[in-house]
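> structure, please.
(one chain, ligands or ions: 1)
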Amino acid sequence: MNIGLMKLPRLGRLLFITRWKELLQLRKDQEQTLFPLIKSRIEPVNSVTRNDGIVAYVDTLVNLELPDEEGSKRMVELQRDGNTDTTFTSLQWIMANLVKHPHIQRKLYDEIVGVVGPPREVESDINEEDLAKMPYLKAVVLEGLRRHPPGHFVLPHRVMKDVEVEGYTIREGATINFMVGEMGLDPKGWDEPMEFKPERFLGNGGVFDISGSKGIKMMPFGAGRRICPGSDLAMLHLEYFVANLVWFLDWSVPNGVMLILMRRLSSLWS
Ligand code: HEM
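Numbers count the residues shown, from 1 in each chain. So this is what the prediction gives:
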């Protein structure tokens, strides 16, 4: 949607009425799935009889006090925290790059087949233990997050005390943010930063510290104590979806038209 329509949201809703209805339905489906799960944690947290001894991440958000907040609004906020858009956006960028660079897709496919063999049956999928044996897959996902982090900023942070950074004084109480998108493209930190090259993550035994605890070259999930608590889950989801999508399907653009070929599944139909 172009900038003009973003400034006139009501007009956008009228012009894209079908899309708008789809979005509302999607949101409704999301709420119907997630509300019961969140509710199942809110009730025990507020109950004096709660004694399961388990603290889920969502529990830590339940008793946060925000001014003028009603119960239903709290449910909506908690549900939106479970950020699916970021993972989905990353997945789209990674798949787009695999279409753009068939040799990378081929290399990834070969790695997958080396671990789990060719696709066997429609019901089977690649499991978590298999994913752990695929360093190139992890490198592809990391390169996607470096080149196209879904959020170009983290959440705004507040400075706890005066601090000097490269000759600048940042005062206590100031609000700061981080240029996440720019960090991943900094030529001082990355060789050919505009290129999609998963190989850059294969050095050091394939170990890359994405949490920033040993130095920060990119921070798609933020860093420090407010780092994204869903980062492990997001990495797992990305690896899982990319691996299965590439295992079963061939992604290509013949004659300028996007086509997804199911040729690798031919063995299943014989
Ligand atoms: C590729 C996927 C994802 C990316 C790139 C991402 C990125 C981020 C970033 C940059 C922040 C802000 C960190 C900061 O302010 O320093 C954040 C916060 C957060 N993320 Fe994610 N996220 C992803 C997926 C998820 C998932 C799957 C979940 C939940 C299951 C999640 C839950 C959260 C929550 C609850 C916060 C707020 C944490 C806080 O303020 O303490 N995220 N995420």
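
> what pLDDT does the closest residue to Glu239 other than its chain neighbours get?
Closest residue in space to Glu239, ignoring its immediate chain neighbours: Leu131 at 4.7 Å, by C-beta to C-beta, 6 or more residues apart in numbering. Glycine gets a C-beta too; all of them are placed from N, C-alpha and C. On pLDDT, Leu131 comes in at 97.

> same thing with Gln105?
pLDDT, Gln105: 97.

> any idea how far Ser90 is from it?
17 Å (C-beta to C-beta, to the nearest Å).

> where do the helices of the stretch 151-270 of the chain begin and end?
180-183, 231-248, 266-269 (DSSP state H, counting those that start in this stretch).

> for the record, mean pLDDT for the last one?
By that I understand helix 266-269. Mean predicted lDDT for helix 266-269 stands at 42.

> buried residues, stretch 209-219. List them.
Residues of stretch 209-219 classed as buried: Ile210, Ser211, Met218, Met219 (neighbour count, 16 or more other C-beta atoms under 10 Å).

> ok, now stretch 236-255?
Buried residues in stretch 236-255 (16+ other C-beta under 10 Å): 237-244, 246-251.

> farthest-separated two in those?
Maximum pairwise distance in those, criterion C-beta to C-beta, is 22.0 Å, between His237 and Asp250.

> where does pLDDT dip in the stretch 101-250 of the chain?
Where the stretch 101-250 of the chain drops to pLDDT under 70, the residues are 121-123.

> up against the ligand, what does it have?
For the stretch 101-250 of the chain, the contact set with the ligand under C-beta under 6 Å from any ligand atom comprises 150-151, 154-155, 220-222, 226-230, 233-234.

> the residue nearest to Glu239 contacts Val242, correct?
No - with contact defined as C-beta atoms under 8 Å, Leu131 does not count as touching Val242 (9.6 Å).

> which neighbours do those two share?
Common neighbours of Leu131 and Val242, counting by C-beta atoms under 8 Å, 6 or more residues apart in numbering, are Leu137.

> picking that back up, for Glu195, see how far away the residue nearest to Glu239 is.
25 Å.

> who has more neighbours, those two?
Leu131 (22 against 11; other C-beta atoms under 10 Å).

> how about the contacts made by that one?
Contacts of Leu131 (C-beta under 8 Å, 6+ apart): Leu137, Leu236, Glu239, Tyr240, Ala243.

> right, and Leu98 touches Ile104 too?
Yes - here Leu98 reaches Ile104: they are 6.1 Å apart, a contact under C-beta under 8 Å.

> find residues that contact each of the two.
Going by C-beta under 8 Å, 6+ apart, residues that sit against Leu98 and also against Ile104 are Val140.

> and the closest residue to Lys133 other than its chain neighbours, what element?
Take Lys133 and drop its neighbours on the chain: the residue closest to it by C-beta to C-beta, 6+ apart is Val115, 4.8 Å away. Element membership of Val115, judged by DSSP states H and E, is helix 102-116.

> all set now, cheers.
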